[in-house]
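> I'd like to go over a predicted model; first the sequence, then the structure.
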Amino acid sequence: MSSTEHNYHAVGAFEASTFREYRMEGGSKIKLYLTAVLVNLSSIAVGTAIGWTSPVSPKLSNKLLTDTPLGFVPSVQELSWIGALVPLGALIAPFIAGPLADKIGRKWTLLSSSLFFVLGLILFVTTNSVGQIYAGRFIQGFGVGFVMTAQPMYIGEISSDDTRDTLGSFMQLFIVTGILYVYAIGPYVSYHLLQYICLAVPVVFAVTFFFMPESPYYYIGKGKKKEASDALKFLRGKSGEGIQDELTEIQVSVEESMRNKASPLDLVRSTGNLKALIISAGLIIFQQLSGINVVLFYTQDIFKDTGSELKPELATIIIGVVQVAASGLTPIVVKKLGKRIMLLISAMCMCLAMGLMGLYFYLKVNDPATAKSISWLPIAALVIYIVLYCLGFGPLPWAVLGEMFPSNVKSYASSVVASTCWILGFLITLFFSSLVAAIGSAWSFWVFTICCAVAIPFTFINVFETKGMSLQQIQDKLNGKS
C-alpha cells in the first residue's frame, strides 16, 4: 500500500470514528431543564390566579371595611362571579392562543400571557368597584387560557424522548406552587401588598423566559432551519453534528404535517387525529369531573366537620403543602412507572376517596353518632384524593396533550381541549351549590365517584404508554403503522 493510500485510509477511519462519536454524543440536559423551569413560571402565575380568591374574599367580605379597596361588602352572588370569571376567560382564550402559537410562535404566545396577568393585577390595585374586579378576573382568565394552550405544546416540542414524561408533569407542580404562594402569603398581608406580590411572578417569568429558545418544531415549520439547529444545540447541550439525527427527524415530521394542510375539521377526519382527540379530551373531561374543584371548595368545611381547631387559612395552607409535595413526586414516579399506569392508579384511588367522602356525609345526616366516631375519615380521604390527583389526573392529561398531535393540527387540538377543561370548570364551579341543594352532599360526591370509576376503563382501553417514544413514533402508533 502506498503512503497516499495509507493516508486516505487513515483519514477515512478518522472521519468514521468522529461520526460515531457525534452520534454517541451525550450532551447535557441542564439547559433543557432550565428552560422547562423558566417556562413554568407562567404556571405559577396561573396558580396565583386560581388561588387568588381564597385570601381575597375574606378581605372583600370584611364588614368593618378595614382592608378592602371597596367601600361596601359585595353580595354572595358578586363574590361567586369573581371566582367564576377566570374559568370563563380561560375557555375563550384558547381559540385565540392556538392560532397565535402557529403565527408568532409558542414562545411569544407564552410571553404575551404575562401581559394579561399584569393588566389584571393593575386593575385590582387601582379598583374601587366590583365591575373593575370582574374585568381584572376575566383578563386574568385570558392569561390562564394562553398558558394552558401554548405551554403543553412548547414542552412537548422541546423535550427529548426520555424527558418528555418528566417535563410534561412540571405544569401541575408549578400551578399548585402558585396556589400555595397566595394561600401562604395572602392572609397575612394587606390587599394591596398581595397584588404587588402576585405581580412579581409574571414579571419575573417574562424577563427570564425572554432569553430562552423557541420550539425547534416551530422554526422548522417556518423554514428557519438554522434557528431550529441553534435552539436544538442549546436545549440538548450538543454540537451541530450531534443534533443532526434529531433535527432531520423533526424536519421529516414537520414537512409531512405541512404537506397535509390542516383545518379544524382534520381533527376528526384523520383516524390518528381522532384517536388523539378522544384520548386528550377524554382525560381532561375526567380530570374536571373527578371533583377537584369541589374538594378544594369543601376543604374548610371538612376540617370544621371533624372538630378541628385549625383556622381556615391554616387548613388551606396545609392542603396547599400536600399538593406541592405530591406534585413534586410526580416527575420521579412517572419516569419510573409511565403515564398510563399512573393514570389508572390515580383514577382508582380518587374513586375510593370520593366514595369514602360521600359515605361520611351520608352518615353525618343519617347516623351522626357513627359519623362522629370516624371523624378522621374525610381528612384521610381528602389527603388520598389530593395526593393521587397530583400524581396522575392533575398533570398527566396536559402532558399527553402536548405529545399526541402532529404539528399541522396541534394548535387546533390545544384550543379545543383547553376550552373543554375550562367550560367544565366554569359550569361545575357555578352550579355545584345547586347540585348539593338538589341531591345532597353525599350523592354529589358519589356522582364524582361514578365519574372516576368510568375513567378507569376509558384509560385502560384508550391510553397507550408513550414512555421513550419519539413524537413521530406516537403518530405512527395512532395511525396504526408499525
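The structure has been received and is ready for your questions.
> need the helices for the stretch 251-400 of the chain, in chain order.
266-269, 271-289, 292-305, 312-337, 339-366, 368-373, 377-391, 396-401 (DSSP state H, counting those that start in this stretch).
> Could you list the low-pLDDT ranges of the stretch 301-450 of the chain?
By pLDDT under 70, the low-scoring segments of the stretch 301-450 of the chain are 301-310.
> wait, I meant the stretch 1-150 of the chain
In the stretch 1-150 of the chain, residues with pLDDT under 70: 1-25.
> One more pass at 50, please.
8, 10-23 (pLDDT under 50).
> all helices of it, in order?
Under DSSP H, counting those that start in this stretch, the stretch 1-150 of the chain gives helices at 3-23, 30-39, 41-51, 53-60, 76-92, 94-103, 106-126, 130-158.
> now the fourth one against helix 76-92, angle please.
When you say that, I think you mean helix 53-60. 150 degrees (axes from the mean of the first three to the mean of the last three CA atoms, to 10 degrees).
> which of the helices of the stretch 251-400 of the chain sits most buried?
helix 396-401 (a mean of 28; mean count of other CB atoms under 10 Å). Using the backbone N, CA and C atoms, a C-beta is placed for each residue, glycine as well.
> Give me the residues contacting that one.
Residues from elsewhere that reach helix 396-401, judged by CB atoms under 8 Å, 6 or more residues apart in numbering: 148, 151-152, 155-156, 164-165, 168-169, 171-172, 279-280, 283-284, 287, 334, 339, 342-343, 346, 413-414, 417, 463, 466.
> next one: stretch 473-482
Contacts for stretch 473-482 (CB under 8 Å, 6+ apart): 253, 270-273, 275-276, 403-404, 406, 464, 466, 469.
> ok, the spatially most central residue of the chain to Pro331 distance?
Most central in the chain under CA atoms, centre = their mean is Met171, positioned 4.4 Å from the mean C-alpha point. The gap separating Met171 from Pro331 is 11 Å, by CB to CB, to the nearest Å.
> before we move on, what about Phe170?
7 Å.
> likewise Gly242?
25 Å.
> before we move on, what about Val204?
From Val204 to Pro331 the distance is 22 Å (CB to CB).
> what's the answer for Ser263, then?
36 Å.
> Then Lys481?
From Lys481 over to Pro331 (counting by CB to CB), the distance is 30 Å.
> got it, and Glu465?
The value you get for Glu465 to Pro331, if CB to CB is used, is 16 Å.
> do the same with Leu121
30 Å.
> didn't Val321 look like it was pressed against Tyr181?
No: here Val321 does not reach Tyr181: they are 11.7 Å apart, not a contact under CB atoms under 8 Å.
> Of all the residues in stretch 42-60, which ones are buried?
42-57, 59-60 (16 or more other CB atoms under 10 Å).
> Revised request: answer the last question for stretch 194-203.
Result for stretch 194-203 [16+ other CB under 10 Å]: buried residues 194-195, 197-199, 201-202.
> Need the residues that contact that stretch.
41-42, 44-45, 48, 52, 55-56, 113-114, 117-118, 121-122, 124-125, 143, 178, 181-182, 185-186, 189.
> Distance from the chain centre to stretch 85-93, please.
A distance of 15 Å separates the centroid of the chain from that of stretch 85-93, by CA atoms, centre = their mean, to the nearest Å.
> Check stretch 247-260 too.
Distance, centroid of stretch 247-260 to centroid of chain: 27 Å (CA atoms, centre = their mean).
> export it as PDB, just CAs?
Extracted C-alpha coordinates of stretch 247-260, given in PDB (Å, rounded to 0.1, in the frame of the first residue of the first chain):
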ATOM      1  CA  LEU A 247     -33.100  17.700  13.500                       C
ATOM      2  CA  THR A 248     -33.600  15.500  10.500                       C
ATOM      3  CA  GLU A 249     -36.400  13.600  12.300                       C
ATOM      4  CA  ILE A 250     -38.100  16.900  13.300                       C
ATOM      5  CA  GLN A 251     -37.800  18.100   9.700                       C
ATOM      6  CA  VAL A 252     -39.400  15.000   8.300                       C
ATOM      7  CA  SER A 253     -42.200  15.100  10.800                       C
ATOM      8  CA  VAL A 254     -43.000  18.800  10.300                       C
ATOM      9  CA  GLU A 255     -42.700  18.500   6.500                       C
ATOM     10  CA  GLU A 256     -45.100  15.500   6.500                       C
ATOM     11  CA  SER A 257     -47.600  17.500   8.500                       C
ATOM     12  CA  MET A 258     -47.200  20.600   6.300                       C
ATOM     13  CA  ARG A 259     -47.800  18.600   3.100                       C
ATOM     14  CA  ASN A 260     -51.200  17.900   4.600                       C
END
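> Tell me the buried residues in it?
247, 250-251, 253-254, 257.
> cool, and stretch 28-40?
So stretch 28-40, judged by 16+ other CB under 10 Å, has buried residues 29, 31-32, 35-36, 38-40.
> neighbours around Ser263, how many?
10 (other CB atoms under 10 Å).
> if I pick it, what's in contact with it?
With CB under 8 Å, 6+ apart, Ser263 has these contacts: Tyr412.
> how far out from the middle of the chain is the longest helix anywhere in the chain?
Ordering each helix of the chain by length in residues (DSSP state H) puts helix 407-462 first. Here the centre of helix 407-462 is set off from its chain's centre by 15 Å, with CA atoms, centre = their mean.
> Kindly report the same for stretch 336-349.
17 Å.
> Residues contacting that stretch, please?
By CB under 8 Å, 6+ apart, stretch 336-349 touches 165, 283, 286, 290, 330, 333-334, 384-385, 388-389, 391-393, 396, 399-400, 452-453, 455-456, 459-460, 463-467.
> One more pass at 7 Å, please.
The contact list for stretch 336-349, computed with CB atoms under 7 Å, 6 or more residues apart in numbering, reads 165, 333-334, 384, 388-389, 391-393, 396, 399-400, 452, 455-456, 459-460, 463-467.
> now stretch 205-225
With CB under 7 Å, 6+ apart, stretch 205-225 has contacts from 35, 38-39, 41-42, 45, 105-107, 110-111, 114, 154, 157-158, 227-228, 231-232, 234-235, 250-251, 254, 258, 407.
> do that again at 6 Å, thanks
Residues outside stretch 205-225 that contact it (CB atoms under 6 Å, 6 or more residues apart in numbering) are 35, 38-39, 41-42, 105-107, 111, 114, 154, 157-158, 227-228, 231-232, 234, 250-251, 254, 407.
> Now do that stretch: distance from first to last residue.
27 Å (CA to CA, to the nearest Å).
> Please apply the same query to stretch 186-193.
Stretch 186-193: ends 9 Å apart by CA to CA.
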